[in-house]
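Peer 1: could you work out the structure for the sequence below:
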Amino acid sequence: MPLQSLPLSDTETAIHLGVILLVTLISLWLVQVAIRRVVAIATNRTRAHLERLGRPGQIIAQATGSDNERQSARARTIGTMLRSAATLVIVSVALLTALADLGINLAPVLTTAGVGGVALAFGAQSLVKDVLSGIFLVIEDQYGVGDQVKIGDVSGSIEEVALRVTTVRDGDGRLWYLRNGEITKVANISQGWSMATVDVLIGPDEDPTRAAALLQPVCEAVHADPEFADQLVEVPSVLGVEQITPYSMTLRLSAKCVANQQWGVQRALLARAKRALDEAGIAGPHAGWTPPVPPTAV
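Peer 2: As a prediction, this is how the structure comes out:
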């Protein structure tokens, strides 16, 4: 029926529906633009902050998980979630408004929806818990794809972070599906920094002060090596004597490294420390010394 031949009430209804549709489309567009701008501002602000920090600050930012790439990915993820939530709210409000303009009594609909929602809530408590936990996992940046984590008795690399389930690939290649609502403790090895700990053994009769003085230049040399420029957060240090037995004396070195980068630094410190002590004539452990037996895995 042409619009001009409609009764006045029908014409007003059609106009109202058109206005609702137009407002809905404009609202969706504005929300999309606003969220994209917020994500872009957050990303640019992080990039500018890292540029002001310089190279040392960028290494520390990478070690603490605040580097631009990670923050950008996190901002994009949160932006996607906000767009989905905003779209759902705007469309729901527009649909209810349109139904009201069409003369449909919303009281029974809302009552039925409320009863159905209560029943669904009782039957899907675990699902709601998983989804809410997944949202907070993303917002709080507890872990991300590629991070090395330990969740309960599962250790491995994060392959996917969904709203309901997190998937982890362990060292044996098995893929674990973990419900977000059941994740209560997470050890993230890829966030923050890692410590490289090196124990150097010398004879119990050697001078620990002289040995420590020989090891400090080794620490500085490793820090100055371009090979480890992106792996070390600060200059390694000689902590001193860790243990003395009738057969040996243990000197401990430590280095704060970028997460998951401590192994190469640890090997380099151990090899260079051994060479420096041998060249200085520092004796090793006495005969009869046996290395400690690692604890048996249960």
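Peer 1: which residues in this structure form helices?
Peer 2: For the chain, applying DSSP state H gives helices covering 8-63, 68-101, 106-123, 125-139, 208-224, 262-279.
Peer 1: mind telling me which of the ones you listed the model trusts least?
Peer 2: Mean pLDDT per stretch puts helix 106-123 lowest among the helices of the chain, at a mean of 66.
Peer 1: and the residue nearest to residue 263 when sequence neighbours are not counted, how close does it get to residue 234?
Peer 2: Among residues not flanking residue 263 along the chain, residue 196 sits closest, at 7.6 Å (Cβ to Cβ, 6 or more residues apart in numbering). Backbone N, C-alpha and C define where each C-beta goes, glycine included. Noted for residue 196: a distance of 11 Å to residue 234, by Cβ to Cβ, to the nearest Å.
Peer 1: mutual contacts of the two, please.
Peer 2: Residues touching both residue 196 and residue 234 (Cβ atoms under 8 Å, 6 or more residues apart in numbering) are residue 255.
Peer 1: so between the two, which is more surrounded?
Peer 2: Using other Cβ atoms under 10 Å, the more surrounded residue of residue 196 and residue 234 is residue 196, with 23 against 14.
Peer 1: pretty sure that one contacts residue 236?
Peer 2: Yes - assessed by Cβ atoms under 8 Å, residue 196 is found in contact with residue 236 at 7.4 Å.
Peer 1: so residue 253 makes contact with residue 241?
Peer 2: No - judged on Cβ under 8 Å, residue 253 makes no contact with residue 241 at a distance of 11.8 Å.
Peer 1: how many other residues sit next to the residue lying closest to residue 91 once chain neighbours are set aside?
Peer 2: Leaving aside its chain neighbours, residue 91 sits nearest to residue 24 (6.9 Å; criterion: Cβ to Cβ, 6+ apart). Around residue 24 there are 18 other residues, counting by other Cβ under 10 Å.
Peer 1: thought residue 92 was touching residue 24, still the case?
Peer 2: No - counting by Cβ under 8 Å, residue 24 stays clear of residue 92, with 10.4 Å between them.
Peer 1: contacts only, for the spatially most central residue of the chain.
Peer 2: The residue lying closest to the centre of the chain (Cα atoms, centre = their mean) is residue 143, at 2.9 Å. Counting by Cβ under 8 Å, 6+ apart, residue 143 touches 137, 149, 158, 161, 166, 186, 188, 190-191.
Peer 1: now do it, the pLDDT please.
Peer 2: In this model, residue 143 carries a pLDDT of 80.
Peer 1: ramachandran angles for it?
Peer 2: According to degrees, to the nearest 10, the main-chain angles of residue 143 amount to phi -160, psi 170.
Peer 1: so it versus residue 245, what's the distance?
Peer 2: 41 Å.
Peer 1: same check, this time on residue 137
Peer 2: Distance, residue 137 to residue 245, by Cβ to Cβ: 46 Å.
Peer 1: more neighbours, these two?
Peer 2: Remark: of residue 137 and residue 245, residue 137 carries more neighbours, 19 against 12, as counted by other Cβ under 10 Å.
Peer 1: residues contacting the closest residue in space to that one that isn't next to it in sequence?
Peer 2: Residue nearest to residue 137 in three dimensions, not counting chain neighbours: residue 180, with 6.0 Å by Cβ to Cβ, 6+ apart. Listed by Cβ under 8 Å, 6+ apart, the contact partners of residue 180 are 130-131, 133-134, 137, 163-166.
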